[in-house]
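> next one to model:
(chains A, B and C)
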Amino acid sequence: MKKQYASEFVLSSSPHIRNKESVPKIMYWVVGTLMLPVAASIYFFRMNAIRILLISIIFSLLTEFVFLLARKKDTSAVFDGSALITGILLALTLPPGLKSSYVAIGAFVAIALGKQVFGGLGYNIFNPALVGRAFLQAAFPVAMTTWVPPVVQKVVDAKTFATPLGGFKFSHVLAPYKDLLIGNTGGSLGETSAILIIIGGLVLLFKKYIDWRIPVGILTSVFVFEGALWLANSEKFANPLYFLFAGGLLLGAFFMATDMVTSPLTPKGSWIYAIGIGFLVVLIRVFGGLPEGVMYSILIMNSFVPLLNRYTRPKILGEGGKK
Amino acid sequence: MKSRFYMIFVLTLVAVISSGLLAYFAVYTQPYIEKNKKAEIEKAIKEVVPGTIESKVLKDENKFKIFAGYDKDGKLLGYAVYTVGTGFQDLITIMFGVDKHLEKMYRLEVLEQKETPGLGAKITDENIFLKFWKNKNIRGEIILAKPPKGESELKDNEVNAISGATISSRSVVTIVNKALKRVKEEVKNG
Amino acid sequence: MDENKSYLYDFIKGLWKENPVLVQLLGMCPTLAVTNAVENAIAMSVAVVFVLTASAIIISLIRKLIPAQVRIASYIVVIATFVTMADRYLAAFYPAQSKALGPFIPLIVVNCIILGRMEAFASKNGVFRSILDALGMSFGFAIALLLMSSFREILGNGTWLNMRVLGSWWDNWMVMILPPGAFLTLGTIVGVSRFIQTKLKKA
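Presented below is the predicted three-dimensional model:
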């Protein structure tokens, strides 16, 4: 075993403050930028979006409050913004027609099992919002894969509406790029408008609140892996650009994979983490049973973060030697 | 030296007594277990080839079996085919019955499956899936209708997919088509 | 501590204080695998009660004859004998349960609860106390399995022992009868029982 001299000066336990700014301030910047996809979802899905967002946020905050109370912690931490972000993110990953009771269960699971059982903010291994979504996906598989079209789109058969990725996977039908960019497609609340998500993500990148390596690494690796498949057989595999803009990839890359607590601390770790997510996304979308795999990809790579932090720790002077 | 001998002696004695006990118990339960297994398969044969009173094994492999079903006068009614193939999560075991000219399928039963409950597991559901398989034309292959059609619009060789469980539905179709091909060969060659 | 000597304690310690599943965390494999329905949990529990008690009687009787070097081998032979008998019995007379439990009945052989009790108790104590210990432990196992399977079957299927307990308004939580539900339930139940035990200790 190598001695771990002075490692505490290099690594700090999360949430780590990168910019001398307080945790709530960063959190509220994230919330602010999230308002862009939120606005898009409200525009496209109207009352359904408002209903799901409100329930998800209220139950996230409520669960956080109850757990803080039970654990005899400072309950003002409810408003540090982290539970609010979890609530918004969870809502954005849900299908617009989902029953209110399911949303409430998802929000409870996200905060209770995704965060508080590990010891609260900073100790959770997995992204809480995605834990909530994964639970709902496993608990109510039918409801979680039933999509309703956006209000603005006139579709005759509202029952069998497919997402852009599902349509491609099962029927080989592509959605128009224009609709993908604006968000005029079926899907979860927040996986619709590509442009607004990119703008929100760029703001966070510019403010250096998120690690630029993660979105860049994820998007590039998806593009490269899918591009290679597409070059090999453009009949069978989708255009890599389609893969970038369809589904929850952008939302996941900018807002979920970059979660401070559950992403790696070191630059090298971030690259491995991001490329791993991109690879898994392509693997699941192309060869898996499900049309979309961003959620599982991020959760799987979340579980590697402690390991990545350990093995990509910067070498301390005098340690290691040749390599 | 004595203790080593004693050690071997004790262990041997324990093993001998236990094997004697087990041998007795195995002989005692064997007929019941055989009866259960046979009853299970016979019940399935009778369901997929209606009117069967007696059945005979024509082909007996691990994952592929053919049984001939006879009525009370010993007249051949059709064949029951037992086949195993890959589903979405694990193996699916299917038994289906065809007429003796290999032109029509009587019925399909799913004997064992481990598909996702609530989605793929619906392949065992009569009203959602199995009813489409009754009396299908099997001169060619069975085709999966996607998107699902109304019951009267389905052609005589088409079955509906379960919405949300296309992969499980398609697995069943693939397994059946593969088995149909083999049955036709086996029956032709006697 | 006088209670360590009493016969009653031999029995009741397995139910709660030293519960094999909730406290010792032994026999996790069947606990996770067969608790998707109460029916399966009961069949499994009955099989464990039989195997554990029968093995305890035999091991306790012959404990002085077995040389220390071959004791584990002898225990395993004895346990495997009873497990095989239980397996064949189920296959012969309860084919549906036998099919549902699949390989988990034969796997009782390697269930740590059984070997653990042989090594820790039956090989050191008389027949009567060994029976009490075995019954206590296997009932403790059964209690844990019943708790878990009730939780999972009610939430995951709306039923308890195949009887409808939740109305048609209830939407089944599929995840609870799938493998992830087993882990969630086990974690929750062990967590809650630890919480109660620490509370009781303080009081």
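> wait, residue C:112 touches residue C:27, no?
Yes - with contact defined as CB atoms under 8 Å, residue C:112 counts as touching residue C:27 (5.8 Å). All C-beta spots, glycine's among them, are computed from the backbone N, C-alpha and C.
> what about these two, which has more around it?
A count of neighbours by other CB atoms under 10 Å in any protein chain shown puts residue C:27 above the other of residue C:112 and residue C:27, at 24 against 15.
> backbone phi and psi for the residue in the stretch 101-250 of chain A positioned nearest to chain C, please?
Distances between the stretch 101-250 of chain A and chain C by CB to the nearest CB are smallest at residue A:138, namely 3.6 Å. The phi and psi values for residue A:138, taken as degrees, to the nearest 10, are phi -80, psi -30.
> OK, contacts around it?
Residues near residue A:138 by CB atoms under 8 Å, 6 or more residues apart in numbering or on different chains: C:174, C:175, C:178, C:180, C:181.
> hmm, try it at 7 Å
By CB atoms under 7 Å, 6 or more residues apart in numbering or on different chains, the residues touching residue A:138 are C:174, C:175, C:178, C:180.
> of these, list those near chain B.
Filtering those for neighbours of chain B using CB under 7 Å from any CB of the partner chain leaves C:174, C:178.
> make JSON lines out of the contacts of residue A:138 and add pLDDT, neighbour count and distance to chain A.
Converted to JSON lines, the contacts of residue A:138 look like this (pLDDT from 0 to 100; neighbours: other CB atoms under 10 Å in any protein chain shown; distance: CB to the nearest CB, whole Å):
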{"residue": "C:174", "pLDDT": "82", "neighbour count": "23", "distance to chain A": "5"}
{"residue": "C:175", "pLDDT": "86", "neighbour count": "25", "distance to chain A": "4"}
{"residue": "C:178", "pLDDT": "84", "neighbour count": "18", "distance to chain A": "6"}
{"residue": "C:180", "pLDDT": "88", "neighbour count": "14", "distance to chain A": "6"}
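> and the residue in chain C sticking out farthest from the centre, helix, strand or coil?
Distance from the C-alpha centroid of chain C peaks at residue C:169, with 33.7 Å (CA atoms, centre = their mean). The three-state label given to residue C:169 by DSSP: H, G, I helix; E, B strand; the rest coil is coil.
> per-residue pLDDT, it?
Model confidence at residue C:169, given as pLDDT, is 84.
> equivalent analysis for the one 4 residues further on, please.
Each residue has a pLDDT score; the one for residue C:173 is 87.
> for the closest residue to it other than its chain neighbours, what are its contacts?
Leaving out its chain neighbours, the residue that sits closest to residue C:173 by CB to CB, 6 or more residues apart in numbering or on different chains is residue A:139, at 4.2 Å. Contact analysis of residue A:139 by CB under 7 Å, 6+ apart lists C:173, C:174, C:175.
> looking at those residues, which is nearest residue B:40?
When these are compared for distance to residue B:40 (CB to CB), residue C:174 wins out at 27.4 Å.
> where exactly do the strands run in chain C?
Per DSSP state E, chain C carries strands over the ranges C:159-160, C:163-164.
> right, and the helix or strand after the helix or strand where residue A:133 lies?
Taking DSSP states H and E as the criterion, residue A:133 maps to helix A:128-139. Counting by DSSP H and E, the next helix or strand C-terminal to helix A:128-139 is helix A:164-166.
> what lies in contact with the helix or strand just after that following helix?
Using DSSP H and E, the helix or strand that follows helix A:164-166 in sequence is helix A:177-182. Around helix A:177-182, the neighbours that count as contacts under CB under 7 Å, 6+ apart are A:164, A:185, A:193, A:194, A:195, A:245, A:246.
> who touches the first one in this structure?
Meaning residue A:164. Each residue near residue A:164 by CB under 7 Å, 6+ apart is listed here: A:175, A:180, A:185, A:187, A:246, A:247.
> what about it, distance to chain B?
To chain B, residue A:164 is 17 Å away according to CB to the nearest CB, to the nearest Å.
> wait, a strand at residue B:98?
Yes - applying three-state DSSP, one finds residue B:98 inside a strand.
> distance of residue B:131 relative to chain C?
Applying CB to the nearest CB, the value for residue B:131 to chain C is 23 Å.
> give me the number of residues near that residue?
Other residues within reach of residue B:131, judged by other CB under 10 Å, total 14.
> tell me which helix or strand comes right after the one helix or strand in chain A whose mean pLDDT sits lowest.
The helix or strand of chain A with the lowest confidence, counting by mean pLDDT, DSSP states H and E, is helix A:7-10 at a mean of 43. Using DSSP H and E, the helix or strand that follows helix A:7-10 in sequence is helix A:23-45.
> same for that next one, what does it pack against?
In terms of contacts (3 or more CB pairs under 7 Å, 6 or more residues apart in numbering or on different chains; DSSP states H and E), helix A:23-45 is packed against helix A:47-70, helix A:82-92, helix A:194-206.
> run the angle between it and helix A:47-70 for me.
Here helix A:23-45 runs at an angle of 150 degrees relative to helix A:47-70 (axes from the mean of the first three to the mean of the last three CA atoms, to 10 degrees).
> need the pLDDT of the residue in the stretch 51-200 of chain A that chain B sits nearest to.
As assessed by CB to the nearest CB, chain B sits closest to residue A:141 within the stretch 51-200 of chain A, at 5.0 Å. Residue A:141 is assigned 81 on the pLDDT scale.
> now it: closest residue in space, sequence neighbours ignored.
residue B:119 (5.0 Å).
> could you do residue A:116 as well?
Nearest to residue A:116 is residue A:67, by CB to CB, 6+ apart, at 4.0 Å.
> isn't that neighbour up against residue A:114?
No - using CB atoms under 7 Å, residue A:67 is not in contact with residue A:114, being 11.3 Å away.
> which of those two has more residues huddled nearby?
Shown here are residue A:67 and residue A:114; by other CB under 10 Å, residue A:114 has more neighbours (26 against 19).
> how about the more buried one, what does it touch?
Going by CB under 7 Å, 6+ apart, residue A:114 touches A:124, A:126, A:128, A:131, A:132.
> which one of those has the most neighbours?
Neighbour count (other CB under 10 Å) singles out residue A:132 as the most crowded of those, with 33 neighbours.
> isn't it up against residue A:110?
Yes - if you go by CB under 7 Å, residue A:132 and residue A:110 touch, sitting 2.8 Å apart.
> residues shared between the contacts of the two?
Counting by CB under 7 Å, 6+ apart, the common neighbours of residue A:132 and residue A:110 are residue A:90.
> what does chain C have sitting close to chain A?
Taking CB under 7 Å from any CB as the contact definition, chain C meets chain A at C:171, C:173, C:174, C:175, C:178, C:180.
> let's go with 6 Å and repeat that
Proximity of chain C to chain A, by CB under 6 Å from any CB of the partner chain, involves residues C:173, C:174, C:175, C:180.
> gap between the last one and chain B?
Right, residue C:180. Taking CB to the nearest CB, one finds residue C:180 at 12 Å from chain B.
> which stretches of the chain have low pLDDT?
If you meant another chain, say so; for now it's chain A. Chain A contains residues with pLDDT under 70 at A:1-21, A:151-162, A:170-171, A:315-323.
> the intended chain is chain B.
Applying pLDDT under 70 to chain B flags the ranges B:1-2, B:117-118, B:146-147, B:190.
> which one's the longest helix in it?
Scanning chain B for the longest helix, with DSSP state H as the assignment, gives helix B:2-48.
> elements contacting the following helix or strand past that helix?
Going down the chain from helix B:2-48, the next helix or strand is strand B:54-60, by DSSP H and E. When contacts are defined as 3 or more CB pairs under 6 Å, 6 or more residues apart in numbering or on different chains; DSSP states H and E, strand B:54-60 packs onto strand B:64-70.
> what pairs with the strand it packs on, parallel or antiparallel?
In the sheet, strand B:64-70 lines up against strand B:54-60 (antiparallel), strand B:76-86 (antiparallel) (DSSP bridges).
> residues contacting it, please?
B:45, B:49, B:52, B:54-59, B:76-83 (CB atoms under 6 Å, 6 or more residues apart in numbering or on different chains).
> and the spatially most central residue of chain C, what pLDDT?
In chain C, the C-alpha nearest the mean C-alpha coordinate belongs to residue C:141, at 3.0 Å (CA atoms, centre = their mean). Looking at residue C:141, its pLDDT stands at 95.
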